[in-house]
Structure formats: C-alpha cells, structure tokens
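Enquirer: attaching a predicted model along with its sequence, questions to come.
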Amino acid sequence: MSNCLVAQSGGPTAVINASLAGVIKANQLHPIYEKVYGGIHGIEGVLADELYDLTDTPASEIEILKQTPSSALGTCRYKLKRGQEADFVKLNEIMDAHDIDVMFYIGGNDSMDTVDALSEWAQQHGSAKRFIGIPKTVDNDLVPIDHCPGFPSAAKLACQITHATSLDYDAYTRPEIFVLETMGRDAGWLAASCCLTGDVDLLVLPEVDFDKDMFLSEVKQKMDEKGSCYIVVSEGAHYADGTYISAGESANDGFAHAVLGGAAQTLKQMIIDAGIAPRGIVQDLSRAARSSNFAQSKIDVDEAFQLGLSAHMRSADAYFTAKVVGVRRADTKDGSYEPEFFAGPASEFANYVRNFPNEWILPRYQGVTDEALDYFRPLVAGEPAIIYGDDGVPKTIVPYNLRQR
C-alpha cells in the first residue's frame, strides 16, 4: 500500500481546512493509502521535503480542524512553472522517497494550473505519479463550477459586516459617505453578495469599467435624496484602460498578480474632493472575510469537507489523475438548492477567470438583479455547530506548520 500527500496553496479561506479534514477522514474510513502526509507550506515546502504525518489524526482534532481558519499546513505563493525541470524532478524524487503515489493540492486558479502542469510532466516522462486538485477561493472566480469552497463563508461574513456597519452608519445625522471594500481582483462576486442585505446604495465591480463622472453623479443623487450613501467596492475595480482605481498596484504576490488594496479609500477621497460629502468612513474586509471561522456558512463547510472525501474516493481509480473535483447546482423539481459533486480535467479549471455575469449587474452602480440574489441566498444559509473553548472563543488546532517536526 502506497502513501498520499495533501498540500494547500494561495490565500486561505474559512473552510480550506475542511477539505483537508475530508481527505484525512476519508482515508481513515476507507484506507486506500498507508499514510497521509501533509505538505508544509504548499509546493514550496514539499520541494524542501517538509512533510507532516496526518494519518492518525484523532477524530476530535479533525472536527476542530474543520473550523480552524487559515491554512493548517501553511501556504505559499510559489509558482511551479512549466519548463522549470529541476522542480519537477525534485518533487518526483521526494514522492519516491516517501512512497507517495498521489498528491492532492488544495488551492485556487494557479494551484489548479500546478495540478495540470505536474500531470503533464508525469505523462511526458512516464511517471505513474498522480495529481488531483481540490478548489478553494473567496473570489469565486474558478470555472466550470457553480461556486467555490470558501466563497459562501466569505459572502456570509461580508453580509453580516455590511448590515452591522450600515446600522451603525445610519445612527448618525452628520453628512458622510460609507465605503466598504471587499477582496476580488478580477471578479466581483464577493462585493456583489453584499447586496443580499438590501443596505447597499452603490456597487462598484471589476466587471464594469469605472466611470468617475457617472459614479460621482450617482453618489450626489443618493446624498441629495437621503443624506447618506453606502458604497461597496471590489478591490479590483478599474478604469477602461485597465488602471486600478486603488493605490496599491505596483507590487505583485509572487504569481505576477497585482497586490491591491485602497480602492475604498480612493473612492472616499474622490467624493470628498468633489465636494459631495465633507467626510467618509472606510471599512476594509480584506483578510477578515477569509479567516472568520465564527461566520462559516454550513453549506460551505459541508461541501468543502465532501470535496475532500470525493477527491480521496475518486483517487481509488488508478487512472484518476489530472482532475479537479468541484460543485455544481443540481436541477431540482422544486427549485431548491442541491449540490452535485463532479470531477473535470484540471486544464478546464486553470488559467480562466469566471466573472460575475454582466446580465446580473444593474446599470449606474445600482446593485444586482433578483437572479443574482437567488444565486447567493442558499450559499450563505445555516451555521455549523461551533466548538468553543473555555475562553468563549472558537477552538482551533495548532497549525501543523508551527508544530515541532
């Protein structure tokens, strides 16, 4: 009996560890592999031969792992590039040394590209090593799935913060605007989900080129009508020439992606400079949306866990490789939400961006359509049973990358 390896990459989510827990639990229930190794700090740590034995993780720890935020194995922003032969050879040698036949990689777009690249290399070099992807991202921009694990919990938290800060904002009579900024470099799913609350006056998404004059006109109209304006903006909002409206675009995150942040502050100053409002408040969700384990969506946790189980189960087929597991929305007679788990080629998941549908975006920054709200509603429903410690804070495990190895 051979072994398997599971690793995590990219930005964490509130449920990324539920998928990890699914792989571990699945092998305990149906031991396809003798050992389940965890790769510390993603592909970067695996290449350094930093592995952690997860095989006999206690059931009680697995339950707490499911509600632990961040990446319990540690993550990385290391891009495994095609043609970088030394990395592929090194990984193959490490897998051989630990008798590892299968690697599960939990991550976003670039991680699914890694699954595809590793699979291609194995096929070209006659290697029997297999690579399987398990998706995650709060941006919800992967194809061809209905939604991505991590997004529903981020959306739930975003809605809770939107409504709470809207009530706080409405308590004052002084004239000011409120701008909330969400994550979303290329796609506005998370920002759009805030419209579920009914509190959003104006919505600025990456899918629509930013028109400063039109936007300021709409802000002024809201301020004239009601004396307030609650705005939600995605960090990736940009002008027609592709220039981000935010100020933090010069650096990159290791994957050649712009490191964004500051869109809300930019909009606030833009409005003040135009004389529409004398002051403004900025709320940046940033990492809170992806790490708030206390606001997990039950559907999100359950589906992330099930995807870990599904990936493990499907790997029992010796020909199952270069694949990614995902979630589709099944057609039901009564229109109720029902998830459907499937697997598809990694090449179909990698290097594509699933934008928020233009037909769901209302003109002049007025929000989203009812169809969009119908899409969001079932995803944020329900809360898992959280296990709390004596201090009243949700229990978390000690991350494996921080343990003595």
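Expert: The structure has been received and is ready for your questions.

Enquirer: my guess is residue 355 meets residue 187, correct?
Expert: Yes. In this structure, residue 355 is within contact of residue 187 by Cβ atoms under 8 Å, at 5.0 Å. For every residue, glycine as well, the C-beta is placed using N, CA and C.

Enquirer: more neighbours: which of the two?
Expert: The residue with more neighbours, out of residue 355 and residue 187, is residue 187; 22 against 15, by other Cβ atoms under 10 Å.

Enquirer: report the helix or strand with the lowest average pLDDT across this protein.
Expert: helix 288-291 (a mean of 88; mean pLDDT, DSSP states H and E).

Enquirer: low-confidence ranges in the chain?
Expert: Low-confidence segments of the chain (pLDDT under 70): 247-261, 404-405.

Enquirer: switch the cut-off to 80
Expert: In the prediction, the chain carries residues with pLDDT under 80 at positions 77, 247-261, 404-405.

Enquirer: middle-most residue in it, spatially?
Expert: Residue closest to the mean C-alpha point of the chain, counted by Cα atoms, centre = their mean, is residue 137 at 1.8 Å.

Enquirer: ranges for the helices of this structure?
Expert: In the chain, the segments counted as helices under DSSP state H are 16-29, 42-47, 59-66, 85-97, 109-124, 151-170, 189-193, 212-226, 263-273, 288-291, 298-314, 346-349, 370-376.

Enquirer: alpha carbons of the fifth one, as CSV, please.
Expert: Output in CSV follows, covering the C-alpha atoms of helix 109-124 (Å, rounded to 0.1, in the frame of the first residue of the first chain):
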residue,chain,number,x,y,z
ASN,A,109,-6.6,29.1,-10.1
ASP,A,110,-2.8,28.9,-10.0
SER,A,111,-2.8,25.8,-7.8
MET,A,112,-5.1,24.0,-10.3
ASP,A,113,-2.6,25.0,-13.0
THR,A,114,0.1,23.4,-10.9
VAL,A,115,-2.0,20.2,-10.9
ASP,A,116,-2.3,20.4,-14.6
ALA,A,117,1.5,21.1,-15.1
LEU,A,118,2.5,18.2,-12.8
SER,A,119,0.2,15.8,-14.6
GLU,A,120,1.5,16.9,-18.0
TRP,A,121,5.1,16.3,-16.8
ALA,A,122,4.3,12.9,-15.3
GLN,A,123,2.7,11.8,-18.5
GLN,A,124,5.5,13.1,-20.7
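
Enquirer: for that helix, packing partners?
Expert: helix 85-97, strand 100-107, strand 130-135, helix 346-349 (3 or more Cβ pairs under 8 Å, 6 or more residues apart in numbering; DSSP states H and E).

Enquirer: report the distance from that helix to the chain centre.
Expert: Relative to its chain's centre, helix 109-124 lies at 20 Å (Cα atoms, centre = their mean, to the nearest Å).

Enquirer: tell me the angle of it relative to strand 130-135?
Expert: Compare the direction of helix 109-124 with that of strand 130-135 by axes from the mean of the first three to the mean of the last three Cα atoms, to 10 degrees and you get 170 degrees.

Enquirer: which of the residues in helix 109-124 are buried?
Expert: Residues of helix 109-124 classed as buried under the neighbour-count rule (16 or more other Cβ atoms under 10 Å) are 109-122.

Enquirer: redo these as JSON lines? Include distance to residue 64.
Expert: Listed next are those as JSON lines, based on distance: Cβ to Cβ, whole Å:
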{"residue": "109", "distance to residue 64": "29"}
{"residue": "110", "distance to residue 64": "29"}
{"residue": "111", "distance to residue 64": "25"}
{"residue": "112", "distance to residue 64": "28"}
{"residue": "113", "distance to residue 64": "32"}
{"residue": "114", "distance to residue 64": "28"}
{"residue": "115", "distance to residue 64": "28"}
{"residue": "116", "distance to residue 64": "33"}
{"residue": "117", "distance to residue 64": "34"}
{"residue": "118", "distance to residue 64": "31"}
{"residue": "119", "distance to residue 64": "33"}
{"residue": "120", "distance to residue 64": "37"}
{"residue": "121", "distance to residue 64": "36"}
{"residue": "122", "distance to residue 64": "35"}
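
Enquirer: who's residue 231 bridged to?
Expert: Beta bridges link residue 231 to residue 179, residue 202, judged by DSSP bridges.

Enquirer: that one touches residue 270, doesn't it?
Expert: No. In this structure, residue 231 is not within contact of residue 270 by Cβ under 8 Å, at 10.7 Å.

Enquirer: which one's more surrounded, those two?
Expert: residue 231 (25 against 17).

Enquirer: thinking residue 37 is in contact with residue 3, fair?
Expert: Yes. Counting by Cβ under 8 Å, residue 3 is a contact partner of residue 37 at 6.1 Å.

Enquirer: any shared contact partners between these two?
Expert: Taking Cβ atoms under 8 Å, 6 or more residues apart in numbering as the contact rule, residue 37 and residue 3 both touch 98, 100.

Enquirer: thinking again about what came up before, deepest of the helices of the chain, which one?
Expert: Mean neighbour counts were taken over the helices of the chain using mean count of other Cβ atoms under 10 Å, and the top value, a mean of 30, falls to helix 189-193.

Enquirer: residue 200: which of the helices of the chain is closest?
Expert: When the helices of the chain are ranked by distance to residue 200, counting by Cβ to Cβ, first place goes to helix 151-170 at 6.8 Å.

Enquirer: any idea of the angle the closest one forms with helix 298-314?
Expert: Our comparison of helix 151-170 with helix 298-314, counting by the same axes, to 10 degrees, yields an angle of 170 degrees.

Enquirer: counting by contacts, list what helix 151-170 packs against.
Expert: Judged by 3+ Cβ pairs under 8 Å, 6+ apart, the packing partners of helix 151-170 are strand 176-182, helix 189-193, strand 228-234, strand 280-284, helix 288-291, helix 298-314.

Enquirer: closest one to residue 141 among those?
Expert: helix 189-193 (6.8 Å).

Enquirer: helices or strands up against the closest one?
Expert: helix 151-170, strand 202-204, strand 228-234, helix 370-376.

Enquirer: quick one: the last one to chain centroid distance?
Expert: Relative to the chain's own centre, helix 370-376 is displaced by 19 Å; criterion: Cα atoms, centre = their mean.
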